[in-house]
Every structure is written in structure tokens, then in C-alpha cells.
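Peer 1: structure for this input, please:
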Amino acid sequence: MNFRTLKLEEPEAGIALITLNRPDRLNALSLEMVEELHLLFGQLPSRDEVRVLVITGEGRGFCSGADLKDERLKKEASSILSSAAKHLFTVQKKYADLVLIMRRLPQPIIAAVNGPAAGGGMCLALASDIVIAGPRATFTPSFINIGLSGGEMGTTYFLPRGVGSFRASEILLTGRTVDAVEAERIGLVSRLVEENRLLETAMETARIMLTKSPVGLRLTKEALYLNLAAPSLEAAVELENRNQSIGCTSPEFFKAIAAFLQRKQQ
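Peer 2: So this is what the prediction gives:
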């Protein structure tokens, strides 16, 4: 399928590379890009051959957030902003549902953040499972800077869990920019790598995942997400128990055990 605002490639078997492709606008999220992301993400659950996703931005930015100069938004502004309900259902939920879909996808998602990740772009990074940043990466929760709530597209859910509640409060209440060095120090990103190693590091991480069983990857992503909000340790352990019992009956488990025992005997 051809996209106007995205590039979809499969550089290696099992790995899909999604590139946000509006470099002239720092890959800002136009309505068209949001709709194309919905379309792409909607196809991925049924594509078992795609086991890991890598998402990055074309050019010098990752994603600068919602495109406030989007011609469609400007043309429909008077109608969209005529009521909160209209805005909620025609725009807000379209953007915000992206992070819900990303968390529900069976494939782990690696964000390779190559430059500014502002507003909704920061949210796309936070909704990923692993965030690898280059030295030019920056993270700006810009919503509060334009008169909106700092809570947008899951920021008040993901950020406190990543960096702690006090740091998250300070970042969201001030709308300040976090650079790549600070992002690594406070745990906002998984790793900080040299610029010329960014995409290759993401691919190396994806290749390691491909050595694991498909069911193991899928259930691990699911458990990590669901147990972020587990009501108790008991509930978290019960989900893990279910997953382990499923895994223990899979062909991959028996192959792995046989290989392990063979190595022990050598």
C-alpha cells in the first residue's frame, strides 16, 4: 500500500521500518498522516510475518507534533471548534487513539528518535516500547505552551512511570525541552547513541528480539503494558502465570529446552 506521509519498508525479514515522511514540516502530524498511521497500524495485527516495528522520522526531526498549519484543520477550524464534543470526536480522539493502538499492537515498537520530538511526536515516542535517541533528540511537551493541558495522548500516564512523578510534573507543568543527555539520565529514553549509530542500533535491538519466540515477545509486551496499571501484585502475577503456562505448551519452548540440555551435555 502506498502512503503520502509515511514510508513503510521491510529492510530485513521480520522487521518493519516506519518513517514519518514530512521532513519539510519536521514530520508534523497532519490529519492525513494521522489517518495513514491508523490505516497502517490497523493492518499490522494480522501480519504475523512482521514481528518488530521500528519508527523514525525523515530528515532532521522525529516529529514536531500536530501540524497547526494543516490546510484541512484550518479549513474546518470553525466547524471543529464550534463545540467541545465536535472537537473531541473529529480531531482529539483521532490523535489520541494512536497511542492506544500502538500499545495494543502485538509487535514491540522501537522508536529511533533522530531529532525534535515535540507535542504529539513526544507522545509517539512515549507510547513505544523502547526509545533509542540520537544526540540531536529533544523532547518537548508543548501543549501547555499553547494554552492547553499538559496531559495529552498519554503523557500523564507514561511520563510519571518513566521518570517519576516529580520530574514528570516539572516537565509537563513548564513545557520545557529535555535534551538527549538529560533524557537518558532521567530514564526518558532507553539508550543514547551516536548519530551515525541510531538506526543501526535500533535494527540490532530488533534482531535480538527476532531470536525470541513470537509468543514470548507478544506476551511480554502485553504483560509490561497491562501490569503498569495492575491493581495489585497478585493481579500482576496471575497475568504472568497465564502467560507462562501458554508459553510452556508452545513448540518454541520445547525446542529451546532441548537446545539448552544439549549444550549442558557437551
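Peer 1: mind listing the helices for the protein?
Peer 2: 31-43, 71-75, 77-80, 84-87, 93-104, 120-126, 155-163, 165-174, 180-186, 198-210, 214-227, 233-247, 251-265 (DSSP state H).
Peer 1: for the ones you listed, which one sits closest to Ser64?
Peer 2: Taking CB to CB, helix 120-126 is the member of the helices of the chain nearest to Ser64, at 5.8 Å. (C-beta placed from N, C-alpha, C; glycine too.)
Peer 1: and the closest one, what other elements does it pack with?
Peer 2: For helix 120-126, the packing partners by 3 or more CB pairs under 8 Å, 6 or more residues apart in numbering; DSSP states H and E come out as helix 93-104, strand 109-113, strand 138-140, helix 155-163.
Peer 1: on that earlier part again, any idea which of the helices of the chain scores lowest on pLDDT?
Peer 2: Comparing mean pLDDT across these, the lowest value falls on helix 77-80: a mean of 75.
Peer 1: that one: which residues count as buried?
Peer 2: Within helix 77-80, the residues that qualify as buried by neighbour count (16 or more other CB atoms under 10 Å) are Ile80.
Peer 1: what's next to it, contact-wise?
Peer 2: The contact list for helix 77-80, computed with CB atoms under 8 Å, 6 or more residues apart in numbering, reads 73, 86-87, 90-91.
Peer 1: what would the residues you listed look like in CSV with distance to Asp179 and neighbour count?
Peer 2: Formatted as CSV, the contacts of helix 77-80 follow (distance: CB to CB, whole Å; neighbours: other CB atoms under 10 Å):
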residue, distance to Asp179, neighbour count
Leu73, 29, 16
Lys86, 38, 14
His87, 33, 15
Thr90, 35, 13
Val91, 30, 18
